[in-house]
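with the sequence up front, the predicted model follows.
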Amino acid sequence: MCEIIVPVVTIFDENEKPDFEENKKVIDFLIEGGVDGILVLGSTGEFTVLDYEDKLQFAKDYYEYTNGRVDLYFGSNCASFEDTVKLSNEAIKIGYKGVMVMGPYYFAMDDEKIFIYYNELAKKVKGNVYIYNFPARSGYSVSGEVYAKLVEENSNIVGLKDSVADPIHTNKLLRATEGHKTKIYSGFDDQFLYNLSTGGSGCIGALSNLVPEIWSDLVKSTKEKNFDRVYKLSNLIHKLMPLYDLDSNFSNLFKRLMAVRGVDISSRSIFPYNQLSDEVFEKGKCILEKIVKEYEEIK
C-alpha cells in the first residue's frame, strides 16, 4: 500500500480570503495529475490566516466541487482546542475522510501533555484523526511510545504525517506500532522510498502540487514493482527538493511555478510572505522546467 496525498496550496484574494474559483483550477489540475488524495489547509495551505468561519466555508466549498473524485482530508487546526474539536467534527460531517491536527505550538509540550492533548481530541472527534508531527514548527516531537499508546487507546487515531529531517524517527514510529492498524506518511518528498521500505504508507509532500503526474507515476510504478522506473522517478523528486529552500515560505513560489505549469492562478500569499524576488522565481522556474523536460524524456 502506498499513496501520494497533496498538502494543497490555497489561492487567496486581495483580502486573504480563499478565492474559490481559482482554487477549482488547482483541484482539477491535481485530480487530472492522478494524485490519491488532497489535504486541505495543511501548512502548505497557509491555514494560519483564516478564522473558523473561513475554514468551515472553505471545507464545504472544496468538498462540494471535488464531488468524490479524490479522497479529501482536512487540516482542522484552530487557535483553541474547542474550536479544533468543533471544526474537526464539522469536516467529518461534511464527508472528509479524516482530519489532520498539529498539537499546540509556542508553549513546550512533554510526552505527558502530548498524550493528553491527542487522547482528549480523539475522544471528542467523531471520525478519523491523523496526527501531524512537525517539530520544526511545533517545537516538540511525537515519540513512538506516545503514538503507540494513543493508537492503542483510540481506534480513530488512524495515521500520522511525520515531517522530520531524520527519517529514523519515522522508523521508530513504525516499529513502535507494529501490529496496529495505522498509516504513517513521510512529510518530506525525498523520504518516500525510505518510508515504504520501513513499512510506511507513502508521502504527504508539497512537490505534488507542481508535478502531480510524476508523483502518481512514481506511486503506480512502485505498486507494479517496476524498480528501474521507480529509481528514475524518485531521482527527479530529489532534484526538485532545492525548491523548498529558495524562500522562507515556499507557498508563494509554488503558486507561481504552478502558473508555469499551465494553472492560471494568483500567487498571492499571506502577509508577510507575499513577496518574491524575480531572481528566486527564475531559479525555481529553471529547476522545475529542467525536471519536467527530463520526465518527458523518460515517459
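That came through, no problem.

strands of this structure, start to end?
3-7, 37-40, 71-75, 98-101, 129-133, 157-162, 183-186, 202-203 (DSSP state E).

can I get those in TSV with distance to Phe192 and mean neighbour count?
Backbone N, C-alpha and C define where each C-beta goes, glycine included. Below are the strands of the chain laid out as TSV (distance: least, C-beta to C-beta, whole Å; neighbours: other C-beta atoms under 10 Å):
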stretch	distance to Phe192	mean neighbour count
strand 3-7	8	27
strand 37-40	15	26
strand 71-75	18	24
strand 98-101	18	26
strand 129-133	17	25
strand 157-162	12	24
strand 183-186	6	23
strand 202-203	5	27
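
list the contacts for the residue nearest to Asn171 when sequence neighbours are not counted?
Distances taken as C-beta to C-beta, 6 or more residues apart in numbering place Thr198 nearest to Asn171, at 4.6 Å, with adjacent residues excluded. Neighbouring residues of Thr198 by C-beta atoms under 8 Å, 6 or more residues apart in numbering: Pro167, Thr170, Asn171, Leu174.

how many neighbouring residues does the third one have?
Right, the one you point to is Asn171. Asn171 is flanked by 19 other residues according to other C-beta atoms under 10 Å.

distance check, it against Ile184.
10 Å (C-beta to C-beta, to the nearest Å).

thinking again about what came up before, format the strands of the chain as a markdown table; extra columns: mean pLDDT and distance to Met241.
A markdown table is the format used below for the strands of the chain (pLDDT from 0 to 100; distance: least, C-beta to C-beta, whole Å):
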| stretch | mean pLDDT | distance to Met241 |
| --- | --- | --- |
| strand 3-7 | 98 | 15 |
| strand 37-40 | 98 | 19 |
| strand 71-75 | 98 | 23 |
| strand 98-101 | 98 | 22 |
| strand 129-133 | 98 | 20 |
| strand 157-162 | 98 | 17 |
| strand 183-186 | 98 | 12 |
| strand 202-203 | 98 | 12 |
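
so which of those strands is nearest Asn15?
Smallest distance to Asn15 across the strands of the chain (C-beta to C-beta): 19.5 Å, for strand 37-40.

contacts for the closest one next, please.
In contact with strand 37-40 (C-beta under 8 Å, 6+ apart) are residues 3-8, 27, 30, 45, 58-59, 62, 66, 70-75, 96-97, 100, 204.

tell me how far that strand is from the chain's mean position?
7 Å (C-alpha atoms, centre = their mean, to the nearest Å).

likewise stretch 3-21?
Its chain's C-alpha centre and that of stretch 3-21 lie 12 Å apart, by C-alpha atoms, centre = their mean.

buried sites along that stretch?
3-12, 16, 18-20 (16 or more other C-beta atoms under 10 Å).

out of these, who's nearest Pro272?
The nearest one, if we look at those relative to Pro272 and count by C-beta to C-beta, is Glu16, at 11.7 Å.

now do the contacts for the nearest residue to that closest one once chain neighbours are set aside.
Excluding the flanking residues, the one nearest Glu16 by C-beta to C-beta, 6+ apart is Val49, at 5.2 Å. Contact analysis of Val49 by C-beta under 8 Å, 6+ apart lists Phe12, Glu16, Ile270, Phe271.
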